[in-house]
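Participant: No sequence on hand, only this structure:
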């Protein structure tokens, strides 16, 4: 596989950046080094490794949804600005489609 190359002047033009010659030389070296690392990593054998979204297993991140027993419903509703049928009414927040 040939060594990948990104033209810094082309990318800077797409991003509407003005770079002087020193910046172009500096960024070209940095980009070539990054692409070299990517090429090195791409040569690793990962055939036996399953793809994951997280580096470690994630489970039970949320607590069980249980009602709070210490406050009776009537005391919660009496402080609500608007209520109907034992429920707190809130203003509509989704615009009509």
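Facilitator: Right, received. Where do you want to start? Quick caveat, the model's predicted, so the values are computed rather than measured. Residues are numbered from 1 along each chain as shown.
Participant: Next, work out how far apart residue 58 and residue 52 are.
Facilitator: 9 Å (Cβ to Cβ, to the nearest Å). C-beta coordinates here come from the backbone N, C-alpha and C atoms, glycine included.
Participant: which residues are in contact with both of the two?
Facilitator: With contacts defined as Cβ atoms under 8 Å, 6 or more residues apart in numbering, no residue is shared by residue 58 and residue 52.
Participant: The most far-flung residue of the chain relative to its centre and residue 6, how far apart?
Facilitator: Centroid-distance maximum for the chain: residue 74 at 41.1 Å, with Cα atoms, centre = their mean. As judged by Cβ to Cβ, residue 74 and residue 6 stand 67 Å apart.
Participant: Repeat that for residue 53.
Facilitator: Distance of residue 53 to residue 6, given as Cβ to Cβ: 28 Å.
Participant: and what of residue 59?
Facilitator: On the measure of Cβ to Cβ, residue 59 and residue 6 end up 40 Å apart.
Participant: for residue 62, same thing?
Facilitator: 42 Å.
Participant: Which of these two has more residues huddled nearby?
Facilitator: Comparing residue 62 with residue 6 by other Cβ atoms under 10 Å, the one with more neighbours is residue 6, at 12 against 5.
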